[in-house]
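*Asks:* Quick one, structure for this:
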Amino acid sequence: MSAVVEAAMGEGTLREAALHARAGRYDAARRLLDTLGGRDSDDVEVLDLLARVHAQLGDLAHADACWARVEHLDPEHAGARDGRRRIRETWAGKRSGGDAAVGAVAACLLLAGGGAAAGWALAPGPTSDQRADPAVAQELTRLRQEIGEIRALAPSDEAGSSQQTADGAAPDSAASGNRAQLRDVRDALEDPRWATTLDTRSVLVTFDGPVFLAGGAETSDRGADALTGLAELLGDAADIDVTVVGHTSDTAPVPGGPYASNAEVGLARALAAAQVLSSGSGIPLSAVDVASAGDVDPPYPNTNETNRTRNQTVTVAVEVVP
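*Replies:* Here you go, the predicted model:
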């Protein structure tokens, strides 16, 4: 395999890991990053993403170790420097609050502050050299097309129960059971105020209208009603993990305002939504994972003002605990 192809495949794997991380599938992201060397990697982007995944999981020791290696490889890496500073502040007990939510909040702040300025734009774009190399661009395009074709050929949810593996064997019973549980969760969460979609690991809740007012983390009346309604349904579900991801439109925050970036706005929204979901469902706030996508990968394309308003929101991923 040529070096160009290997580089392109590594870039594709890193982007796929970032997609998993943005959706709250941290174990899947970590497994992909391990194939790229994990904590022994010499790629600062791999190490930086892995650090933020560890931080989101509350494993600050491993996050610090990854960022320390980033600093060793690139002493000027601002994300690693800021991430380690935040970890030291957390360990020193300088963060306010003192309750069970502090760990989750600190991890989220690490994610918002570490790495790329765009927050959850976790997968780096190609460097200027890569942009100039048509072979790399062609290989990345081919890989994306193959991923799209694989997803298009994947069996529908309804056909999943009768699916067989390539060698004719029945699918793993545990996986089938998990899929059935996810379908049950999806059915239990159905409501006209949001859409529920099913992927391999979770049920994703996407709200139909804006949950927050423009520019900050104050819920709209409609958004508060939707979050409260979802919280009530989550309270009836057993053995689930919940991840809240904050989103924004592509409109930058007002200069001089309380938020320096859309990543920070998204984080504030995720935290506000997590508090409503926790209080209304009985799920401990410390058990709700929180992350910010900022203006990266929004639920609706930022092509018109209606969609920009709808992106004043959060998405909620619900996984079944094995």
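*Asks:* can you give me the strands in the stretch 151-300 of the chain?
*Replies:* 194-198, 202-207, 240-247, 288-294 (DSSP state E, counting those that start in this stretch).
*Asks:* report the angle between the axes of the shortest one and strand 202-207?
*Replies:* By that I understand strand 194-198. If you take axes from the mean of the first three to the mean of the last three Cα atoms, to 10 degrees, strand 194-198 sits at 160 degrees to strand 202-207.
*Asks:* re the thing from before, can you tell me which of the strands of the stretch 151-300 of the chain is packed in deepest?
*Replies:* Scoring the strands of the stretch 151-300 of the chain by mean neighbour count under mean count of other Cβ atoms under 10 Å gives strand 288-294 as the most buried, with a mean of 27. Backbone N, C-alpha and C define where each C-beta goes, glycine included.
*Asks:* Let's verify the spatially closest residue to I240 that is not a sequence neighbour: helix, strand, or coil?
*Replies:* Nearest residue to I240 in three dimensions, chain neighbours excluded: V318, at 5.4 Å (Cβ to Cβ, 6 or more residues apart in numbering). The three-state label given to V318 by DSSP: H, G, I helix; E, B strand; the rest coil is strand.
*Asks:* Tell me, how many residues neighbour V318?
*Replies:* Neighbour count for V318, taken as other Cβ atoms under 10 Å: 23.
*Asks:* got the contact list for it?
*Replies:* V185, L189, S202, V203, L204, V205, L234, A237, I240, D241, V242 (Cβ atoms under 8 Å, 6 or more residues apart in numbering).
*Asks:* Tell me which of the strands of the stretch 151-300 of the chain lies nearest to L49.
*Replies:* strand 288-294 (12.5 Å; Cβ to Cβ).
*Asks:* now that closest one: mean pLDDT?
*Replies:* Throughout strand 288-294, pLDDT has a mean value of 82.
*Asks:* Who does it pair with, and is each partner parallel or antiparallel?
*Replies:* With DSSP bridges as the test, strand 288-294 is paired with strand 240-247 (parallel).
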